[in-house]
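A.B. asks: got a predicted structure plus its sequence, pasted below:
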Amino acid sequence: MKEKAGSLSISGFTYSEGNISETLRKIGLEREKKGAAKSLIPIIDDVRSQAVKAQDFTSATVLYQEKLLCAQHIIMENRRNPAKIVEGLSIMVPTSKEMIEFQKKHEDKIDPIVAARSFRFLGRQADLFHQYGKSEKYYRQCLQYFEGLEPIEQRYNRLELSGFLSYSLLKQRKPGWFDLTQKTLSEFDTSEEGKWLKDNDYYPWAVWKSGIEIRTSDEVLGSKKLRSQYRVNVGEWLGDAESILRMPDGDTEVFGIRRQELSEVTQKSRRMKLD
């Protein structure tokens, strides 16, 4: 059984090859705890500094990405607070710039899988600035890389990226967004890599799939034309998100941030009498 994010503590870290993987795992769990993102950033910076000194440039890149996720979570948890949104973006922009410069400097010493995922973070940043044409390019570039991989334990990344791409297309009102959304959601359950991810690491499987359903529903609800056309789909998406945001052992607390998003969008749909 996985530990709950809130039960972990990361302090007094001293880098070693033997403990960096576990520390990255703990950081990944901690950042999903509601309200934890801001306080986790100094810890991430400290661990990354030690990784750089140890010349572990792959782990250092992962930690840049973790910091970007924390900045993203500050924004996600405070979508009605302009000051917090600005705070999150003020962390995200210089961090992404520093990450790309770091990768260029140490290109031959960073795991290509980790390096490729950086385009995912650049795409999310572009989304937050409403630069959807730009995010589409980043997602397509990253998706092309992962679709070309043979090992399932690497190729599964394409599922999250395909979901982000469908959302970028939706924001641009480009044809094909709905078909790609439905295809991607189906592949979480039916594709070889989707089934592998669900069986081997349920948490990201549920977070990624529900994220597509929640984001898409929220955008559809914001358009009278789309609401009318896809009202049945919104109900299905939100219902499925509710059902999967529960660990196999019954724990729902670990999905705190995602469940908060789901609650907000579900309430929005009820106000519009779509349930």
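C.D. replies: Nice, I can see it.
A.B. asks: tell me the secondary structure for the residue nearest in space to the middle of the chain?
C.D. replies: For the chain, residue 208 is the residue whose C-alpha lies nearest the centre (CA atoms, centre = their mean; 6.6 Å). In terms of secondary structure, residue 208 is helix; the call rests on DSSP: H, G, I helix; E, B strand; the rest coil.
A.B. asks: what's the burial count for residue 171?
C.D. replies: Neighbours of residue 171 under the rule other CB atoms under 10 Å: 18. Yep, even glycine has a C-beta here, placed from its N, CA and C like the rest.
A.B. asks: kindly export stretch 203-220 (C-alpha atoms) in CSV.
C.D. replies: Taking C-alpha atoms only, stretch 203-220 is exported to CSV below (Å, rounded to 0.1, in the frame of the first residue of the first chain):
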residue,chain,number,x,y,z
TYR,A,203,-2.0,6.7,-8.9
PRO,A,204,-0.7,8.4,-12.1
TRP,A,205,-3.2,6.4,-14.2
ALA,A,206,-6.1,7.8,-12.2
VAL,A,207,-4.7,11.4,-12.0
TRP,A,208,-3.9,11.6,-15.7
LYS,A,209,-7.2,10.1,-16.9
SER,A,210,-9.4,12.1,-14.5
GLY,A,211,-7.5,15.2,-15.4
ILE,A,212,-8.5,14.9,-19.0
GLU,A,213,-12.1,14.4,-18.0
ILE,A,214,-12.2,17.3,-15.6
ARG,A,215,-10.4,19.8,-17.8
THR,A,216,-12.5,18.9,-20.8
SER,A,217,-15.7,19.1,-18.8
ASP,A,218,-14.9,22.5,-17.4
GLU,A,219,-14.1,23.9,-20.9
VAL,A,220,-17.3,22.4,-22.4
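A.B. asks: in it, what counts as buried?
C.D. replies: Residues of stretch 203-220 classed as buried by neighbour count (16 or more other CB atoms under 10 Å): 203-218, 220.
A.B. asks: residues in contact with residue 176?
C.D. replies: Counting by CB atoms under 8 Å, 6 or more residues apart in numbering, residue 176 makes contact with residue 169.
A.B. asks: for it, what are phi and psi?
C.D. replies: Dihedral pair for residue 176: phi 100, psi -10, per degrees, to the nearest 10.
A.B. asks: isn't residue 258 up against residue 209?
C.D. replies: No: between residue 258 and residue 209 there is no contact under CB atoms under 8 Å: 10.2 Å.
A.B. asks: which stretches of the stretch 51-200 of the chain form helices?
C.D. replies: 57-76, 82-105, 112-128, 132-147, 152-155, 157-171, 177-190, 192-200 (DSSP state H, counting those that start in this stretch).
A.B. asks: and residue 248, what element?
C.D. replies: Assigned by DSSP states H and E, residue 248 belongs to no helix or strand.
A.B. asks: please report how far the residue lying closest to it once chain neighbours are set aside lies from residue 209.
C.D. replies: Among residues not flanking residue 248 along the chain, residue 202 sits closest, at 6.0 Å (CB to CB, 6 or more residues apart in numbering). Per CB to CB, to the nearest Å, residue 202 is found 11 Å from residue 209.
A.B. asks: tabulate the helices of the stretch 51-200 of the chain (CSV), appending mean pLDDT and distance to residue 243.
C.D. replies: Below are these laid out as CSV (pLDDT from 0 to 100; distance: least, CB to CB, whole Å):
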stretch, mean pLDDT, distance to residue 243
helix 57-76, 96, 21
helix 82-105, 96, 30
helix 112-128, 96, 26
helix 132-147, 97, 27
helix 152-155, 94, 24
helix 157-171, 98, 18
helix 177-190, 98, 12
helix 192-200, 98, 13
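A.B. asks: columns distance to residue 227 on top of those helices, output as TSV?
C.D. replies: Converted to TSV, the helices of the stretch 51-200 of the chain look like this (distance: least, CB to CB, whole Å):
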stretch	distance to residue 227
helix 57-76	23
helix 82-105	25
helix 112-128	21
helix 132-147	20
helix 152-155	35
helix 157-171	13
helix 177-190	14
helix 192-200	29
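A.B. asks: please flag which of the buried residues of stretch 203-220 sit within helices.
C.D. replies: Judged by DSSP state H, the subset of these located in helices is 203-218, 220.
A.B. asks: perfect, that will be all.
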